[in-house]
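Trainee: What would the 3D arrangement of this be:
(one chain, ligands or ions: 1)
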Amino acid sequence: MSDMQGRAVVVTGAGGGIGRATVEHLLARGADVLATDLPSAGLSAVQDELEAAVVLEADVTSLDDWGRVARAAEAAFGRVDGLVNNAGIEGAITPLVEYPTEMIDRVLDINVKGVAYGMQTLHPMLIADGGGAVVNISSVAGLGGARNLSIYSASKHAVIGLTKSAALELAEHGVRVNAVCPSPIQTRMMRALEDGIKIDGLDRDAVEAMVSQNIPIGRYGEPSEVADLIGFLLSDASVFLSGAAIPIDGAMTAR
Ligand SMILES: NC(=O)c1ccc[n+]([C@@H]2O[C@H](COP(=O)([O-])OP(=O)(O)OC[C@H]3O[C@@H](n4cnc5c(N)ncnc54)[C@H](O)[C@@H]3O)[C@@H](O)[C@H]2O)c1
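Mentor: Next comes the predicted model:
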């Protein structure tokens, strides 16, 4: 399949999990991809294993780094048609009343400011090529509260606010902006959350089984399943779809 040939897409947090799966999906459809992440995040493995990807170390909380991302995309592809704001952290797993203050700033910086900076920096390039698309990664925790994940939940609600506002503002320029809201997905982040839940000394597998009971389809999602939705939202198959926050959650939020 090469229906995205000639399209250039920037993916943040691309070193693993959903970001890396998205890079693989887009490359398989013929897109050009600039994969960005922190220096510690395994971009060299992405480069080795997905040779067609252009990789760049960049922190989403740094406007200087976003400037480098824009220049790297210009140099490599001469255009940007898509942006996937995927980088994010779970932060502390603790009740709000005990939440470490410095971690509040860190979670909001990465999960909210990082998304805003990405859209601010790249919108001229998205507009210039006549109708780009942005996909921001929210969460089911952006659609309702999440016990022991209050700041993460607040940040993911904010991602939906940014998405809907940007969709209204950029529609006249032909740019679509959507959010996806995954339930638990098999990545490093869920392993960290399982470790943080620590109910009655349960091990990870037991926590996964317990969490999966709240997902009607009965299991966590796979990163590739989220990547399929992201690819749809970046493609011409969704040209009238903008300003949406779409759950991909095995019916978890259907009740
Ligand atoms: N895994 C899940 O269950 C789940 C569910 C809902 C939403 N999400 C969201 O999906 C996105 C991807 O998460 P994942 O599950 O693949 O986990 P992950 O931890 O594997 O991926 C997150 C990536 O973001 C990167 N990152 C963190 N801080 C960064 C920064 N300052 N600058 C640049 N990159 C940074 C990390 O290095 C990492 O590669 C996140 O936004 C997460 O909140 C995940």
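Trainee: A strand includes Val9, no?
Mentor: Yes - under DSSP: H, G, I helix; E, B strand; the rest coil, Val9 sits within a strand.
Trainee: so it bridges to which residues?
Mentor: For Val9, the beta-bridge assignment (DSSP bridges) gives partners Val33, Gly82.
Trainee: now the host helix or strand of Gly114: how far from the chain's centre is it?
Mentor: Element membership for Gly114, per DSSP states H and E: helix 114-128. Relative to its chain's centre, helix 114-128 lies at 15 Å (Cα atoms, centre = their mean, to the nearest Å).
Trainee: and it, what other elements does it pack with?
Mentor: Packing partners of helix 114-128 (3 or more Cβ pairs under 8 Å, 6 or more residues apart in numbering; DSSP states H and E): helix 63-77, strand 82-85, strand 133-137, helix 150-170. To be clear about C-beta, it is placed using only N, CA and C from the backbone, and glycine gets the same treatment.
Trainee: residues in contact with the residue nearest the centre of the chain?
Mentor: Centroid-nearest residue in the chain, with Cα atoms, centre = their mean: Asn86, separated by 2.0 Å. Going by Cβ atoms under 8 Å, 6 or more residues apart in numbering, Asn86 touches 11-14, 18-19, 22, 137.
Trainee: Mind checking which of these are in helices?
Mentor: 18-19, 22 (DSSP state H).
Trainee: Weed out the non-buried ones from these.
Mentor: With neighbours counted by 16 or more other Cβ atoms under 10 Å, the ones in helices among the contacts of Asn86 contain buried members at 18-19, 22.
Trainee: check those against the ligand, which are close?
Mentor: 18-19 (Cβ under 6 Å from any ligand atom).
Trainee: which among the buried ones among the ones in helices among the contacts of Asn86 gets closest to Ser212?
Mentor: Ile18 (18.2 Å; Cβ to Cβ).
Trainee: Was I right to think that closest one contacts Thr187?
Mentor: Yes - in terms of Cβ atoms under 8 Å, Ile18 counts as a neighbour of Thr187; the distance is 6.3 Å.
Trainee: Quickly note the distance from Ala154 to the ligand.
Mentor: As judged by Cβ to the nearest ligand atom, to the nearest Å, Ala154 and the ligand stand 13 Å apart.
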